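> return a 3D structure for these sequence lines:
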Amino acid sequence: MTSIFQAPALLAGRRALAVPFLAWVALAVGPASAHITLEYQVANAGSYYKANFKVGHGCGQSPIQQIIVTIPAGVQGAKPMPKAGWTVDIQREALTKPYDDHGRTVTDDVARISWTAKTPADYLPNTHYDEFALQARLPAKAGPLYWAVSQVCEQGRIDWSETPKAGQKASDVKSPAALLEVMPTSGGGHQH
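Predicted structure coming up:
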């Protein structure tokens, strides 16, 4: 049994172990925070998914005034989450192949969603972090799903839209699109 007099010594030892571990974690996640990523990077095929895009920096020192997400092919019924201080714009496009949604034929769907800061006071400064979210139904087919995201800054723009070619890893591209691994499902039907 540890007495209250030994507790400070035990805590000091744990802190000494924690510092190298935390430094390793910072190095391991450091490169991933250099681009826009999804909070949850794995989901089931055909499921409803909350895509939460993590935005960690502006364009150099320039603050972000707009985030634009291009909805990947096969993703259905995207709905953005409103964000205080930002307006939401939804762009729809005609589908080459309509689909059925609860007995209703859908002939056009959401192609892009953008969040735009209402005033310069609402811009996302480079020194801050934020998240932009939407919900959508994922394709029934498993495999990698890439989400192109653009950040438009007061000065400059970064398009996170590159996908790896055959034989390349996602880490090999300069401006990678956000990657979601869509996994096969074993059950029938869908859930909301």
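> this protein: helices as residue ranges?
Taking DSSP state H to define them, one finds helices in the chain at 7-29.
> least confident secondary structure element in this structure?
Among the helices and strands of the chain, helix 7-29 carries the lowest confidence by mean pLDDT, DSSP states H and E, at a mean of 39.
> now do the same contact list for P184.
P184 sits next to N44, A45, A142 when contact means Cβ atoms under 8 Å, 6 or more residues apart in numbering. Glycine gets a C-beta too; all of them are placed from N, C-alpha and C.
> can you add pLDDT, neighbour count and distance to W115 and give the residues you listed back as CSV?
Shown next, in CSV, are the contacts of P184 (pLDDT from 0 to 100; neighbours: other Cβ atoms under 10 Å; distance: Cβ to Cβ, whole Å):
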residue, pLDDT, neighbour count, distance to W115
N44, 96, 18, 27
A45, 96, 17, 27
A142, 96, 15, 29
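> contact partners for the nearest residue to D159 once chain neighbours are set aside?
Sequence neighbours aside, S150 is the residue nearest to D159 in space, at 4.8 Å (criterion: Cβ to Cβ, 6 or more residues apart in numbering). Shown in contact with S150 (Cβ under 8 Å, 6+ apart): Q66, I67, I68, T70, R157, I158, D159, W160, S161.
> next: Y99.
With Cβ under 8 Å, 6+ apart, Y99 has these contacts: Q76, T105, V106.
> nearest to A136, out of those residues: which one, please.
Q76 (6.4 Å; Cβ to Cβ).
> and the gap between the closest residue to that closest one other than its chain neighbours and R104?
Counting by Cβ to Cβ, 6+ apart, R137 is the residue found nearest to Q76 once chain neighbours are left out, at 4.4 Å. Distance from R137 to R104, counting by Cβ to Cβ, to the nearest Å: 14 Å.
> so which residues of this structure form strands?
37-38, 42-44, 48-55, 64-70, 76-80, 86-101, 104-117, 130-137, 143-153, 157-160, 178-183 (DSSP state E).
> so, low pLDDT: which residues of this structure?
Within the chain, the stretches with pLDDT under 70 are 1-34, 187-192.
> if we go to 80?
In the predicted model of the chain, residues 1-34, 170-171, 186-192 satisfy pLDDT under 80.
> just to revisit the earlier point, the residue nearest to Q76 and G46 touch, don't they?
Yes - using Cβ atoms under 8 Å, R137 makes contact with G46 at a distance of 7.1 Å.
> of those two, give the one with the bigger neighbour count.
G46 (21 against 18; other Cβ atoms under 10 Å).
> what's the nearest residue to that one if we skip its chain neighbours?
Using Cβ to Cβ, 6+ apart, the closest residue to G46 is A140 (4.5 Å).
> again with A133
M81 (4.1 Å).
> residue contacts, that neighbour?
F132, A133, L134, Q135.
> separation between Y146 and L180?
Distance from Y146 to L180, by Cβ to Cβ: 8 Å.
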